[in-house]
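Visitor: Have a look; sequence and predicted model below, questions after that.
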Number of protein chains: 2
Amino acid sequence: MCFLLSQMASANIRYGEGVTREIGMDLHNMGAQNVCLMTDTNLSGLPPVRAVLDSLVQHGVKYKCYNNVRVEPTDSSFKEAINFAKKEDFDVYVAVGGGSVIDTCKAANLYASHPEADFLDFVNAPIGKGKPITGTLKPLIAVPTTAGTGSETTGVAIFDYEPLKAKTGIANRALRPVLGIVDPLHTLHMPQRVAANSGFDVLCHALESYTALPYSQRSPCPSNPLLRPAYQGSNPISDVWARHALHFVAKYMKRAVRNPDDIEARSSMHLASVFAGIGFGNAGVHLCHGMSYPIAGNVKTFKAKDYNVDHPIVPHGLSVVLTSPAVFAFTASMCPERHLEYLFMGIMVQAVGKHLNCVCCVGTDIRNVKRADAGRILAETLRNFLFDLEVEDGLSAIGYNQQDVPDLVKGTIPQERVTKLSPRSHTEEDLSELFIASMKLY
Amino acid sequence: MCFLLSQMASANIRYGEGVTREIGMDLHNMGAQNVCLMTDTNLSGLPPVRAVLDSLVQHGVKYKCYNNVRVEPTDSSFKEAINFAKKEDFDVYVAVGGGSVIDTCKAANLYASHPEADFLDFVNAPIGKGKPITGTLKPLIAVPTTAGTGSETTGVAIFDYEPLKAKTGIANRALRPVLGIVDPLHTLHMPQRVAANSGFDVLCHALESYTALPYSQRSPCPSNPLLRPAYQGSNPISDVWARHALHFVAKYMKRAVRNPDDIEARSSMHLASVFAGIGFGNAGVHLCHGMSYPIAGNVKTFKAKDYNVDHPIVPHGLSVVLTSPAVFAFTASMCPERHLEYLFMGIMVQAVGKHLNCVCCVGTDIRNVKRADAGRILAETLRNFLFDLEVEDGLSAIGYNQQDVPDLVKGTIPQERVTKLSPRSHTEEDLSELFIASMKLY
């Protein structure tokens, strides 16, 4: 028997309203002489970036700013940021933004620290070479402005690989930020659909990592602890994070989407994003994420509301959540109890609501649920949840039809790094059926 | 307003049956040339130490072993271990044992890395000078063999300061192990009372950190993030760990104490110890721990069952739990919901027991509890729990009487590092009353 392990993967996280003001002091403490600040054009005039700049100026920290990060980055946009970083001798990186900014900054740091490397060297196999990272990266501080990515806690950087029209990434603990500054004030600036889509990313991070293949069933067992993959299957420590993230999503997500001024709800979703990030950064995700990469990569003309960009875009959280009802109906038979957890969260907060002052937002009554019905009931609950949050009605509503399914399946095949963590094994035919079942939701 | 922060304090934890076998490879990967292995005489012939030695030999790792750690260490026993460490040029430390061994090893590493320092330099003020740690320590790998201390996750080393007959410690993130190897097979060797007392430590870590003063109410606000104390008050991240630890204690502790072969229960308590350790290492503990130090330090002739030592001893977990009914009755009014959490855990697992296959071990019905009764009811539940686990009947049963109370209070005063985290402020008179109320439990 092969004994596998759970490793706690977590960056330092500092949480609190207004904590961004300390970043200049942190950089001063680190002895930073030349800071690379990355953000995107939309954010560069908004309060989160201003708060960082004010603190840098106040503490006399020298920096250069790159504000040209692409929302939903590509290999080309990564390379542009890398070239910027290579031209300077930066000693600390600061990323202020959502997952796109943080991931781009991770890549810039990585390749500026490995100037001889070819771009595909560190990209996940089979698309890239998946080489181990041997050099030392500069410290990176992440200041997330969306409540979804969890990128401030992980060693993963995702981008759209244009030659294949599919997302892939770089996954290595060396990419993990040394500090995540989680300041809930920053999430007050998220437009409604950005709050919704990034919240769906949290929901799927938590549900996928909680239902991922258990660490004890993953094989092969690595011959050396150094070779253990970052995504190692669900385990008792990632479970802790996933369950708490689910609890918060059940309790706060609708409020956070509907009312940008509900600081309690938006703060809580920001924390849920951190919780889910630590969970999936340790356990991994599976089919919703694996299938999302071609959904985002093959986008035709769809432009999501509330995203101020000059190109068609299926936001990451949306591309992930649209297949979730079909995916969890498919995987539920392997661990029905875990698929009921999300519902269980609803019941739990109801049962003791009057003592703990909780409100249940999901509320399906699962006291009499049979294990065999777990998948169907979770799918139904997810569909109701998406409907209430006014999500597009399936893949057909974002421009796909049955003829696109072979391409979507083809784009999922290379995502083995995540899809192999599905608790249920699957064929290409299964993937086709999952895409077809996701064409319409309601 | 002063914004305070939550930092996630956590070592890497590797968990799994048999994972100890990898330690030789880890040391080899680290390039270790001269390892300091620390343990105690009881453990040195037992399977956990043998497993470590076998792995070291298999991977050709050179080491020297110090097996003279004192159970419930003192300043003298720390100094003996420090002298051992100073004589050699160790490049990695490995601690195999309970909290006493891990804490001693942390101190040996610290002072061997600061050979010019006086012993009191790094000891917590006001007993020591509480100086900041400026040098770099060698990496330390902790292999816990009890399920209680959580020392594998924290930057704290506790010892009995003989001149004052009270425990104190050294608290700094620099002491934190780089890796905790949590191998549940090791806990099968714990005698029954060791399992009980270390489990009580887990319970109090979780209850105290969950009820500690909230981080947002702690003052003064440090002027620089570097000056933030390790113990920073309860916060949403430490809460996650405390609640899960409580859940596990409620579900598994009685089974783990009563049946050493119940590997599910003993494994779960081992994990609960890690969870609670991360929680309190981040939030802090308060009165039970603060008051425990003089209870342990003033021991007269009491020798706890199942502890094979040549000196009187009140095991740490016992010294902590004996005041817990009185302490939580005293603090409950400040945050009644949090004091009901432990009971809530019982109800929660009952309510959905048939779906999640849980068994409730606490079981007080709190559905109709009034907030004002929270303290009384938690105290009653704790007394029942201790009675069921055959705990000595209060401080009088371990050799104390009313005349000792002034000394016990005197020994608590310098424990301000922890007692100031009590959610309710207190006078010396309050402390007297808490000790008196703890003389008899049943």
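Guide: That came through, no problem. Numbers count the residues shown, from 1 in each chain, chains lettered A, B, ... in the order given.

Visitor: Check which element follows the lowest-mean-pLDDT helix or strand in chain A along the chain.
Guide: The least trusted helix or strand in chain A, going by mean pLDDT, DSSP states H and E, turns out to be helix A:353-356, with a mean of 33. The helix or strand immediately downstream of helix A:353-356 is helix A:374-388, counting by DSSP states H and E.

Visitor: how about the CA coordinates for that next one, as PDB?
Guide: The C-alpha trace of helix A:374-388 is given here as PDB (Å, rounded to 0.1, in the frame of the first residue of the first chain):
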ATOM      1  CA  ALA A 374     -27.500  13.200  -3.900                       C
ATOM      2  CA  GLY A 375     -26.300  14.100  -7.500                       C
ATOM      3  CA  ARG A 376     -29.800  15.000  -8.700                       C
ATOM      4  CA  ILE A 377     -30.600  17.100  -5.700                       C
ATOM      5  CA  LEU A 378     -27.300  19.000  -5.700                       C
ATOM      6  CA  ALA A 379     -27.700  19.700  -9.400                       C
ATOM      7  CA  GLU A 380     -31.200  21.000  -8.800                       C
ATOM      8  CA  THR A 381     -30.000  23.200  -6.000                       C
ATOM      9  CA  LEU A 382     -27.200  24.600  -8.100                       C
ATOM     10  CA  ARG A 383     -29.500  25.300 -11.000                       C
ATOM     11  CA  ASN A 384     -31.900  27.200  -8.600                       C
ATOM     12  CA  PHE A 385     -29.000  29.100  -7.200                       C
ATOM     13  CA  LEU A 386     -27.700  30.100 -10.600                       C
ATOM     14  CA  PHE A 387     -31.200  31.100 -11.800                       C
ATOM     15  CA  ASP A 388     -31.600  33.300  -8.700                       C
END
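
Visitor: what's that helix packed up against?
Guide: helix A:324-331, helix A:336-351 (3 or more C-beta pairs under 8 Å, 6 or more residues apart in numbering or on different chains; DSSP states H and E). Just so you know, the C-beta spots here come from the backbone N, C-alpha and C atoms, and that holds for glycine as well.

Visitor: quick one: average pLDDT of the longest one?
Guide: Yep, that's helix A:336-351 we're talking about. Averaged across helix A:336-351, the pLDDT comes to 64.

Visitor: Quickly note the distance from A:D201 to A:G98.
Guide: Counting by C-beta to C-beta, to the nearest Å, the separation of A:D201 from A:G98 is 10 Å.

Visitor: what sits in contact with each of these two?
Guide: A:G148, A:T149 (C-beta atoms under 8 Å, 6 or more residues apart in numbering or on different chains).

Visitor: neighbours around A:Y252, how many?
Guide: Neighbour count for A:Y252, taken as other C-beta atoms under 10 Å in any protein chain shown: 24.

Visitor: swap that for A:R376, please
Guide: The burial count for A:R376: 16, using other C-beta under 10 Å.

Visitor: My read is that it contacts A:F330, right?
Guide: No - when contacts are counted by C-beta atoms under 8 Å, A:R376 is not listed as touching A:F330 (11.0 Å).

Visitor: Which parts of chain A belong to which domain?
Guide: For chain A, automatic domain parsing gives the domain ranges A:12-186, A:190-437.

Visitor: Comparing the ones you listed by mean pLDDT, which bottoms out?
Guide: domain A:190-437 (a mean of 87).

Visitor: OK, contacts around A:M439?
Guide: Counted by C-beta under 8 Å, 6+ apart, A:M439 has contacts A:G394, A:L395, A:S396, A:Y400, A:N401, A:Q402.

Visitor: quick one: which helix or strand includes A:S223?
Guide: Here A:S223 is assigned to no helix or strand, by DSSP H and E.

Visitor: Is the spatially most central residue of chain A in a helix, a strand, or coil?
Guide: Centroid-nearest residue in chain A, with C-alpha atoms, centre = their mean: A:T149, separated by 3.4 Å. Three-state call for A:T149 (DSSP: H, G, I helix; E, B strand; the rest coil): coil.

Visitor: now the residue nearest to it when sequence neighbours are not counted: how far from B:A142?
Guide: Sequence neighbours aside, A:G99 is the residue nearest to A:T149 in space, at 3.0 Å (criterion: C-beta to C-beta, 6 or more residues apart in numbering or on different chains). A:G99 sits 34 Å away from B:A142 when distances are taken as C-beta to C-beta.

Visitor: What of A:D54?
Guide: Counting by C-beta to C-beta, the gap from A:D54 to B:A142 is 42 Å.

Visitor: now do A:A196
Guide: In terms of C-beta to C-beta, A:A196 sits 43 Å off from B:A142.

Visitor: So for these two, which residue has more residues nearby?
Guide: Using other C-beta under 10 Å as the criterion, A:A196 and B:A142 rank with B:A142 on top: 30 against 27.

Visitor: isn't that one right up against B:D183?
Guide: No - the criterion here is C-beta under 8 Å, and B:A142 misses it with B:D183 at 11.3 Å.

Visitor: For the one helix or strand A:G24 maps to, which helices and strands make contact with it?
Guide: Under the criterion of DSSP H and E, A:G24 resides in helix A:23-29. Contact here means 3+ C-beta pairs under 8 Å, 6+ apart; on that basis helix A:23-29 packs against helix A:47-58, strand A:92-97, strand A:140-144.

Visitor: List the contacts of it.
Guide: So helix A:23-29 is contacted by A:35, A:52, A:55-61, A:92, A:94, A:141, A:143, A:179, A:181, B:224-226 (C-beta under 8 Å, 6+ apart).

Visitor: ok, the helix or strand following that helix: who's next to it in the sheet?
Guide: Following helix A:23-29 in sequence order, the next helix or strand is strand A:35-38 (DSSP H and E). Note on strand A:35-38: by DSSP bridges, its sheet partners are strand A:63-66 (parallel), strand A:92-97 (parallel).

Visitor: which other helices and strands contact the following helix or strand past the shortest one?
Guide: With elements assigned by DSSP H and E, the helix or strand that comes after strand A:63-66 is helix A:75-86. Packed against helix A:75-86, as judged by 3+ C-beta pairs under 8 Å, 6+ apart, are the following elements: strand A:35-38, strand A:63-66, helix A:99-113, strand A:156-161.

Visitor: just so I know, which of the ones you listed lies nearest B:D239?
Guide: helix A:99-113 (25.5 Å; C-beta to C-beta).

Visitor: Give me the helices and strands touching the closest one, please.
Guide: With contacts taken as 3+ C-beta pairs under 8 Å, 6+ apart, helix A:99-113 sits against strand A:35-38, helix A:75-86, strand A:92-97, strand A:140-144, strand A:156-161, strand A:166-171.

Visitor: Next, the angle from it to strand A:156-161.
Guide: With axes from the mean of the first three to the mean of the last three C-alpha atoms, to 10 degrees as the basis, helix A:99-113 and strand A:156-161 are set at 100 degrees to each other.
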